[in-house]
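**Q** make a model of this:
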Amino acid sequence: MEEDMRLYEQMMTPCVRMECVRTDDGEGGYKTEWKDGEAFQAAIVRDTSTAAKTAEKEGVTSVYTVTTYKDEQLGFHDVIKRMSDGRIFRVTSDKGDKVSPKASTLNMSQVSAEKWELTT
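**A** Here you go, the predicted model:
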């Protein structure tokens, strides 16, 4: 079956959306926790274009392209975790900006993302 898969599908690995949960800390503030949410498949590739390299030199964190299936579209500031290494990414582009057309046999959606640290 794998020979019938497109290259981007062969590169997909298990990921999860991270959910931010805030609870009352009992002292007038709150406690923030991050929990694994919905599982999905994604190919996450570092952007090595000239524009991305220029942005990195100006202080922007590393830029990544995240490819998912159309029904798993990620939105601006969604936080995701790649299960293979636990690396966290935050989406930096808008949902639906890069989606294969309905008439296409490709079933893909792409967003830009940056490496990110979870805060508590």
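
**Q** list of residues touching stretch 35-51?
**A** 8-9, 11-19, 21, 62-69, 72, 80-82, 89, 112-113 (C-beta atoms under 8 Å, 6 or more residues apart in numbering). For the C-beta atoms, the positions are set from N, CA and C on the backbone; glycine is no exception.

**Q** how distant is that stretch from the center of its chain?
**A** Taking C-alpha atoms, centre = their mean, to the nearest Å, one finds stretch 35-51 lying 4 Å from the centre of the chain it belongs to.

**Q** got it, and stretch 83-103?
**A** Distance of stretch 83-103 from the chain centroid (C-alpha atoms, centre = their mean) equals 5 Å.

**Q** the most far-flung residue of the chain relative to its centre and Val16: what is the separation?
**A** Using C-alpha atoms, centre = their mean, the residue of the chain lying farthest from its centre is Glu27. It sits 34.3 Å away. Distance, Glu27 to Val16, using C-beta to C-beta, to the nearest Å: 31 Å.
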